[in-house]
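Student: Have a look at this prediction, sequence included:
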2 protein chains.
Amino acid sequence: MTVPGSIMKIAALAGGVGAAKFITGLRRIIPEEELTIIVNTGDDFRWMGLYVCPDLDTILYTLAGIANADTGWGVSGDTFCALNRLHELGCDPWFQIGDRDLATHLYRTEHLTSGWSLSKVTRSLCVQNGIRIGILPMTDSPVPTLVHTNDGTLSFQDYFVRRKCTPAVKGFTFQGIDTAAPAPGVLESLAAADAVIVCPSNPFISIGPILGVPGIRSALRESSATVLAISPVIGGRAIKGPTASMLAQLGNEVSAAAVAALYEDFLDLFVVDREDAALVGRICSNGLRVQTAPTLMGTMAAKIELARQVVEILEREAGKQRGQTL
Amino acid sequence: MTVPGSIMKIAALAGGVGAAKFITGLRRIIPEEELTIIVNTGDDFRWMGLYVCPDLDTILYTLAGIANADTGWGVSGDTFCALNRLHELGCDPWFQIGDRDLATHLYRTEHLTSGWSLSKVTRSLCVQNGIRIGILPMTDSPVPTLVHTNDGTLSFQDYFVRRKCTPAVKGFTFQGIDTAAPAPGVLESLAAADAVIVCPSNPFISIGPILGVPGIRSALRESSATVLAISPVIGGRAIKGPTASMLAQLGNEVSAAAVAALYEDFLDLFVVDREDAALVGRICSNGLRVQTAPTLMGTMAAKIELARQVVEILEREAGKQRGQTL
C-alpha cells in the first residue's frame, strides 16, 4: 500500500479521535519509523488520584489496535468492575474508566511518581504496546485547559465530559503554558520533518494547546517543511465534538475557512473535504494553497484513502519545491 | 442467637483471617453496636501508588459479606482485568489485587491524599459497606513492618506474599511505632470495654504491632476490663500463616503456651483448643486462667459456637467479679 517513493519524515500534531483515525490510515501509507505524533495534553487531569491523559491514550489505544471505536475512548471490550464498585462506595466517578484502561493510569501515575517524565512513560507505553510510531506529549509539564463559559470557568473534563460541552464557550486558558517547554523530541521532530500535518482535530482545545507551547508555533512558521492541515469541519459541521459550536460561540464562521484562518501564519497547504470545494478560492491567499480530498473517515478504506491523497499532495509539493530549486 | 444478658461492650484486637472468622461468629452473639475492632496496620503498603491495608480490608470485606473465603484475601468473585493488563504492560504486580478490591484502594488513597485520616477513611468505608461494628486502625500513622530474616531485612509483603514466608525470621521492626499514636477511639474503646478479646491472630505480626503502639499495651495492663486471648495455635500447629514457624524460628516452643507467655503481662483469660487441654495446668499461673473451647472455625456454626463459648466465659468472669465486689 506504500506510495512508491513516499519515504518522507512526517510530524503530526494530534488531538484525540479525528487524529487517531487519520493516523490509522497514515501508518498504512508510510513506514511507522518515519512518523512522529505530537499529542495534546491540555485535557490531562487527575481521576481518583491517577494521572489520566485522554488524548495520548486515544492515540495509544488506537495504534495498539485496542481502542473502543464505538465510544471514541477507552479500551475495546473493557469491563467496569472497579468503577461500578466505586459507585457502590458512594463515589460519583462521572468520568468512565474501564478496568484495563485503569491499568494504563496506574502504570503512568506510578512511574510519574517515581520521577519519570510524561514522555518517558509514553515511550514505555508505546514499547509495551508494540507501537513503533513515535508518540510525544506536547510537553512534560501539566498544562491543564480551563474553559471560560457562560457557566463560569470550568476544568476541561468538567466542560467536556460532565457537562457534555453544553455551556457556551467564551475562551480558554492553558494553565502554565507560558513556562512549559516542548517535550524532548518535539522541536527535533519538527526540525527533521519533511512535512508537518495538523490532524483534523479541534483547533481550539486539541491543536490550540500544542501551538501554545512556547517554541512550537514559531518552529512551524519558520519551518522549511511543508506544513499541511486537514480541516476538521466538513460542510459547516464537525464530525465529532464541539468544534462547530465553538467556532460559532467564539464569533467565527462555522466553516473550514475559519479553521484555515486560525492556522494561516504557519500553513502551506490546507486540505478541505470535496464537499467544501466551493471554499477553495476563498481560502487560497498569501501563498496558502488548498486541496480537496475525501476527509470523512467512516471506514478503514476511507482512512487509508485520505492518508494516500494527503501524502500524494505532499509528494507533489516536494516535487514542486525540488523543481523550484533546480 | 444472642446470649441472654450478654450485653457487654467488647473491644477486639485483630489481624487478618483468623480474627475475621472469629468476629463473624461474635457479631451473631452480641449486638454489633457493642463491638469495636482495633486492627493491625503494620502490613499496610503501597501498591502501584495506592495505599493498601490488607488486614483492615480482610475485616471489612468479611463483615460486609463480600470476602473471598477461599483465598483469605480480596473480594469474592472479583475479576483481575486491571492486574492482567498491568502484566501485559510489563509490570510484575506480584500482589494480587482484583478490580473491585482496587476500588477500595483508589477510594482510600484518594481520601488520604485529600487529607482524611486512615480512621476517617475506614469509618466511611464501613458506612458505605453497611457495617455497624466499629473498625479502627490501630494508628493513623504508617507503621510498616520490617521482617529481619536470614535473607536480610524484608518489607512485610515481600516476606509474606512474594517469598511466601520461607525466609527464617530473626525479628521485626515496626517502623515509626515509637512516635505513633493510637488512632482516635482506640484508647477510648479499650477504656469503655467490659472485655477485651485478643483474636486468634499471629502474635508477632498481627497482634505485635497493635501492642507496640505506645499506650495500648499499658492500657491493657491497667484495664479493669477482662482481657481474654484466643490461641491461634492448636496442638502445635497454626491454622493459617507462619505463626508456628515464627514461634520456632524465634526460639519458642510451638504451642499455645508460648503464645500465652507473650501476652502474660496483660492477660486475664486464655482460651486454648480442647485439643490442648493438657496444657491448661502449665499455662495457669500468676492469676492467668485458662479455658478450653473448640477454636477451629471451619464452618459458620463453629465460628458462632466459639464466640458463644467465649462470651459465656466472659459472662462467668463478670459474674465472679460482681460476686467478689459484693
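Tutor: Cool, the structure landed. Numbering: from 1, shown residues only, chains lettered A, B, ... in the order given.
Student: Contact partners for A:Thr243?
Tutor: A:Asn202, A:Pro203, A:Phe204, A:Pro232, A:Val233 (C-beta atoms under 8 Å, 6 or more residues apart in numbering or on different chains). Using the backbone N, CA and C atoms, a C-beta is placed for each residue, glycine as well.
Student: Quick check: the gap between the nearest residue to A:Tyr51 once chain neighbours are set aside and A:Trp116.
Tutor: Distances taken as C-beta to C-beta, 6 or more residues apart in numbering or on different chains place A:Thr109 nearest to A:Tyr51, at 4.7 Å, with adjacent residues excluded. Using C-beta to C-beta, to the nearest Å, we find A:Thr109 at a distance of 10 Å from A:Trp116.
Student: more neighbours, these two?
Tutor: A:Thr109 (21 against 16; other C-beta atoms under 10 Å in any protein chain shown).
Student: Hmm, A:Phe45 and the more buried one touching each other?
Tutor: No: if you go by C-beta atoms under 8 Å, A:Thr109 and A:Phe45 don't touch, sitting 12.0 Å apart.
Student: hmm, back to that, quick check: of the contacts of A:Thr243, which lies closest to chain B?
Tutor: A:Asn202 (29.0 Å; C-beta to the nearest C-beta).
Student: Can you report how many residues lie near that closest one?
Tutor: A:Asn202, neighbours per other C-beta under 10 Å, totals 25.
Student: next one: the one 5 residues further on
Tutor: Each residue near A:Ile207 was counted by other C-beta under 10 Å, and the total is 27.
Student: what do you get for A:Leu296?
Tutor: A:Leu296: 17 neighbours (other C-beta under 10 Å).
Student: any low-confidence regions in the stretch 51-200 of chain A?
Tutor: For the stretch 51-200 of chain A, no stretch has pLDDT under 70.
Student: which residues in it form helices?
Tutor: Secondary structure of the stretch 51-200 of chain A (DSSP state H, counting those that start in this stretch): helices at A:54-64, A:81-88, A:99-113, A:118-128, A:156-157, A:186-192.
Student: will you turn the ones you listed into JSON lines that also has distance to B:Lys303?
Tutor: As requested, those are exported to JSON lines (distance: least, C-beta to C-beta, whole Å):
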{"stretch": "helix A:54-64", "distance to B:Lys303": "46"}
{"stretch": "helix A:81-88", "distance to B:Lys303": "26"}
{"stretch": "helix A:99-113", "distance to B:Lys303": "33"}
{"stretch": "helix A:118-128", "distance to B:Lys303": "45"}
{"stretch": "helix A:156-157", "distance to B:Lys303": "47"}
{"stretch": "helix A:186-192", "distance to B:Lys303": "62"}
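Student: got a list of what the closest residue to A:Leu60 other than its chain neighbours touches?
Tutor: Nearest residue to A:Leu60, sequence neighbours excluded (C-beta to C-beta, 6+ apart): A:Leu125, at 5.9 Å. When contacts are counted by C-beta under 8 Å, 6+ apart, A:Leu125 touches A:Leu60, A:Thr104, A:Tyr107, A:Arg108, B:Leu89.
Student: Most neighbours among those, please name it.
Tutor: A:Thr104 (29 neighbours).
Student: I figured that one was touching B:Glu88, is that so?
Tutor: No: judged on C-beta under 8 Å, A:Thr104 makes no contact with B:Glu88 at a distance of 10.3 Å.
Student: how about the nearest residue to the residue in the stretch 151-300 of chain A positioned nearest to chain B, chain neighbours excluded?
Tutor: With C-beta to the nearest C-beta, the shortest gap between the stretch 151-300 of chain A and chain B falls at A:Gln157, namely 15.8 Å. Distances taken as C-beta to C-beta, 6+ apart put A:Phe45 closest to A:Gln157, at 5.1 Å, once the chain neighbours are dropped.
Student: Equivalent analysis for A:Asn129, please.
Tutor: A:Ala64 (3.9 Å).
Student: Any idea how many residues pack against that neighbour?
Tutor: Using other C-beta under 10 Å as the criterion, A:Ala64 is surrounded by 16 other residues.
Student: Now do it against chain B, distance only.
Tutor: 10 Å (C-beta to the nearest C-beta, to the nearest Å).
Student: wait, isn't that residue in contact with A:Val127?
Tutor: No: at 11.1 Å, A:Ala64 and A:Val127 do not qualify as touching, with contact defined as C-beta under 8 Å.
Student: Find the residue closest to A:Glu253 in space, skipping its chain neighbours.
Tutor: A:Leu247 (7.2 Å).
Student: before we move on, what about A:Gly15?
Tutor: Per C-beta to C-beta, 6+ apart, closest to A:Gly15 is A:Ser206, 2.4 Å.
Student: Return the per-residue confidence for the nearest residue to A:Arg274 once chain neighbours are set aside.
Tutor: Spatial nearest neighbour of A:Arg274, excluding adjacent residues (C-beta to C-beta, 6+ apart): A:Thr292 at 4.6 Å. What the model reports for A:Thr292 is a pLDDT of 96.
Student: A:Thr292 belongs to a strand?
Tutor: Yes: counting by DSSP: H, G, I helix; E, B strand; the rest coil, A:Thr292 is found in a strand.
Student: what is it paired to in the beta sheet?
Tutor: A:Val272 (DSSP bridges).
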